[in-house]
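S.K.: Please work out how this folds:
(4 chains)
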Protein chains: 2
Amino acid sequence: MSAGKKFEAMSGNIKKIAELAQTSKSSVSRVINNNGYVSADVRERVEKAIASINYHPNAGARTLRGSPSRLVGVLLPSLDVPFFGILAHSIEQAFFALGYQTFICSTAESQDREQAYVGMLLAQRIDGVIVASSRQEVDPFTPLRDRNIPMVAIDRPMPGLTDVCVHVDNHYGGTLLAKHLIELGHREIAIISTPRHSEPMIQRVNGACAALAEHGLKPVQIAYGNEHNLGAGRRLATKLLQKTPRPTAIIGTSDTAAIGAMHAAVDLGINVPGDLSIAGFDDIPEASYVLPRLTTVSQPTRKIGERAVHRLHQMMSGELELAVEDRLPLKLVVRQSTAKI
Amino acid sequence: MSAGKKFEAMSGNIKKIAELAQTSKSSVSRVINNNGYVSADVRERVEKAIASINYHPNAGARTLRGSPSRLVGVLLPSLDVPFFGILAHSIEQAFFALGYQTFICSTAESQDREQAYVGMLLAQRIDGVIVASSRQEVDPFTPLRDRNIPMVAIDRPMPGLTDVCVHVDNHYGGTLLAKHLIELGHREIAIISTPRHSEPMIQRVNGACAALAEHGLKPVQIAYGNEHNLGAGRRLATKLLQKTPRPTAIIGTSDTAAIGAMHAAVDLGINVPGDLSIAGFDDIPEASYVLPRLTTVSQPTRKIGERAVHRLHQMMSGELELAVEDRLPLKLVVRQSTAKI
DNA sequence: TTGTAAGCGTTATCAC
DNA sequence: GTGATAACGCTTACAA
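M.R.: From the prediction side, this is the model:
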C-alpha cells in the first residue's frame, strides 16, 4: 500500500517520457531545454508524451547538475503590516515575471528566525537574496555572504554584508515633515517613533530634528515604542497629549504611528487638524483611508521592490559587480491632517 | 575565471565533510539525520567539520532520494490587500513552525498565472498546497489533484478539487449585517459587492438578501465592481448616492468596499452615520483605523490560516483521509459607522 | 541527428 | 560501528 501510494503520487520522469516517445533520455532533454539537434519528428513525439502525463522536470535534479535553481529568498521583518506586504507583493510579482520563484520569509524581527531561514535558503541553493533586517545586525546573514550569494539590501543598508542597496533618503524625508509643520507656524512639535531600533525610523527622527534645529527649535518630546502597529502609536500619543502644555503638532515616523496618534486625539476630544496637526511617513493606502486624510511623505514602495529585483537580477547574471546605492525619490503629500496653527 | 567563481560559490558537500572529519559519507549522513549507529568520537568530528564550513545539506538531492521536500505552496489572488496579506503571513508563520518552507504565489486572479505557478510548484515537488482561487475555476489546479498532492481550499470551497476546506459561513455573515441594519430601522438598504465573481462576495450578498426578504424587503440596489480596492467601492458608492431617493444604509461585502463608500460619502458631504449607515465585512485592521470606526462582520483571519496549515499538515502526514469542512465563527462588531435612522 | 554513460549530492542497503 | 555502492532525475560530453 505504501508502495502503491508512492507510485500514484510519483510524477513521471524523463525516462518514462523517453519510453512513451520511443526515444532516449537525451533527446527528451534536448527537446525540453531547446538545445542541440532534434528532428521535428522526435520533437513532436516527445512533446505529445510530455503533455499526455503532464510532466514537469524535477527542479532539484536540475540544480544538482549545476544549473541555477531560479529560486530566490526575500527576508522581511513582517508581512502583515501594509508597507512590507506591498513590498513583498511587488518583489514576488517582479521575480515571477523573470521566471524566478520566491521564498518570502517573515523574520518577525528575531535573529533566531533569521538564522533558521538563512539555513533553509542555503539548503535550497537559492540564487540570490533580498534582505531587510529589523536591526542592522549582520551576523545571521554572514553565511550567505561567505558563499558569495548575490544580495541586495532593501529599505535600509546593510554595511558589511552587501554594497548594493535600494532605499530612500529617510533623513531627508524627516526634514520635509518638520519644514512643512514649521511653515504652518508650529513650534511645539512632538515626534512618535516606533519601532525604536529600526534604522529608517532613526534617520527620520534625525532628519526632523535637524530641520527643527535650523530654526532654533527642538522637539518638545520624542516618544519611542517597540511595535510596528496602530496600538503603539495610539498609546504613545495618548500619554503625550495629556501633558501640559500640549504640542500643536505630532510627527509620526510611520503612517501607522501617525494614524494611532489620530485615534488618541479622537479619544481625547482633540480636533485634527484644528487643534492638532498630525503627519506620517510612507503613504501606505491607509493614509488616504483615514479621515481626515493623512499628510505624509510618500515612498515609492512598489518601485523600491521592483528596483531591488532588477538589481539582484543583474548581480545574478554577473552584470553588476560594483557597489550600487539606489536612492528613490520621496515626496511630501499634503492632505487634511495638517493645518496652520 | 568561470571555474574559479563556481568553486567559490559552491558550498561544501557531504564528501568534503567526510574528508574533513576523516570518515565516510555514510557516517556523515548518519550524523546529520540522527539515525543508525555513530560513535561519539565520529559524531563530534563530523559536527565540528560541518560547523567549520557552515555546511547545509542540498535539499534537492535529498528529495531526489525520495524524502519529502518540506516545501509547500500557497496560491492566493493577491498579497497587497490587507485580508490576503494577513492570511499569507499567518500561513507562512505556521508552516515555518512545522519546518516547512512556503512558496507564496500571488495569482493576480489570472488563470495563466495560476497555471504557471502550478507548474513551478510541481517542478519543485511540493508536498502540499493551500489554495484560494478568485473564481471557482478548477482547471488550472487539476494537475495537482491528478498527482494526489494534498490540497486544502481556503476562504472558499473548491468542489471537484479538494474536499478539505477551511472557511467561514459567508451567507450567515451577510444575514448578520442585514439584520443589524433592519433593527436600527433601515429599510432602504443598498449593497456594494466587489470583486463581482468572488464566491465569498456572492454568498454575502445572498445572505443579506435572504435576511431582507424575511422582512419583506429587498435591496434598493446591488452595485458590482471588479477590483478589490478602495477605489472600486468609492466609485460605486458615489454613483449610488447621487440617485434619489438615496439609501439610508450601505452594506459593503468587504471592509475595503465599505471604506470606499465612506470616502464617497465624505466627498458628497453626507454625514456618516447621521445621514447614512455603512457596514463592512472582514474586520481588517483598517476597519478600526477609519473614523468613524467601521461596523463589520469579524472574520478570524489568522485562525483561518492556521487551521488550514493544520489540516494540510494532517493530510501530508496521512492522518486525514476524509472530507473535512471547517467553518470558523463570525461575529458582528458594532462600531460607530451605523446608527438608528 | 541520436543514444550511451558519467556524474551532480544524498541516503538506504548491505557487507564487513 | 563503519564504509562501499547503487540509485534518485537530470544534463552533457562523447560516441555512433
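
S.K.: mind listing the strands in the stretch 1-150 of chain A by residue range?
M.R.: Using DSSP state E, counting those that start in this stretch, the strands of the stretch 1-150 of chain A run over A:71-76, A:101-106, A:128-131.

S.K.: between the ones you listed, which one is nearest to A:Glu188?
M.R.: With respect to A:Glu188, and counting by Cβ to Cβ, the nearest of those is strand A:71-76 at 36.2 Å. The C-beta positions use only the backbone N, C-alpha and C, and glycine is treated the same way.

S.K.: Packing partners of the closest one?
M.R.: helix A:82-97, strand A:101-106, helix A:111-123, strand A:128-131 (3 or more Cβ pairs under 8 Å, 6 or more residues apart in numbering or on different chains; DSSP states H and E).

S.K.: and the angle from that strand to strand B:101-106?
M.R.: Strand A:71-76 and strand B:101-106 are oriented at 90 degrees to each other (axes from the mean of the first three to the mean of the last three Cα atoms, to 10 degrees).

S.K.: Need the winner for burial among the helices and strands packed on strand A:71-76.
M.R.: Highest mean neighbour count among the helices and strands packed on strand A:71-76 (mean count of other Cβ atoms under 10 Å in any protein chain shown): strand A:128-131, with a mean of 26.

S.K.: picking up where we left off before, adding distance to DNA strand C, write the strands of the stretch 1-150 of chain A out as CSV.
M.R.: What follows is the strands of the stretch 1-150 of chain A, written out as CSV (distance: least, Cβ to the nearest atom of the strand, whole Å):
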stretch, distance to DNA strand C
strand A:71-76, 15
strand A:101-106, 18
strand A:128-131, 19
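
S.K.: related to what we said a few turns ago, can you list the helices and strands packed on strand A:71-76 in a markdown table and add mean pLDDT and distance to chain B?
M.R.: Converted to a markdown table, the helices and strands packed on strand A:71-76 look like this (pLDDT from 0 to 100; distance: least, Cβ to the nearest Cβ, whole Å):
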| stretch | mean pLDDT | distance to chain B |
| --- | --- | --- |
| helix A:82-97 | 95 | 4 |
| strand A:101-106 | 96 | 5 |
| helix A:111-123 | 95 | 4 |
| strand A:128-131 | 98 | 11 |
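
S.K.: Can you pull the residues of the stretch 51-200 of chain A lying near DNA strand C?
M.R.: A:Ala61, A:Leu64, A:Arg65, A:Gly66 (Cβ under 7 Å from any atom of the strand).

S.K.: top of these by neighbour count?
M.R.: For these, counting by other Cβ atoms under 10 Å in any protein chain shown, the largest number of neighbours falls to A:Ala61: 17 neighbours.

S.K.: hang on, the earlier thing: let me have the helices and strands packed on strand A:71-76 in CSV, adding distance to B:Gly318 as columns.
M.R.: Below are the helices and strands packed on strand A:71-76 laid out as CSV (distance: least, Cβ to Cβ, whole Å):
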stretch, distance to B:Gly318
helix A:82-97, 31
strand A:101-106, 26
helix A:111-123, 24
strand A:128-131, 34
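
S.K.: Nearest to B:Ile270, out of those?
M.R.: Among those, the nearest to B:Ile270 by Cβ to Cβ is helix A:82-97 (27.3 Å).

S.K.: which other helices and strands contact that closest one?
M.R.: strand A:71-76, strand A:101-106, helix A:301-316, helix B:82-97, strand B:101-106, helix B:111-123.

S.K.: ok so, going back, let me know which of the strands of the stretch 1-150 of chain A is the nearest to A:Ala40.
M.R.: Closest approach to A:Ala40 among the strands of the stretch 1-150 of chain A is made by strand A:101-106 (32.1 Å; Cβ to Cβ).

S.K.: residues in contact with the residue nearest to the spatial centre of chain A?
M.R.: Chain A has A:Leu87 as the residue nearest its centroid, 4.1 Å off, counting by Cα atoms, centre = their mean. Under the criterion of Cβ atoms under 8 Å, 6 or more residues apart in numbering or on different chains, the contact list for A:Leu87 reads A:Leu76, A:Ala132, A:Ile154, A:Asp155, A:Thr301, A:Arg302, A:Ile304, A:Gly305.
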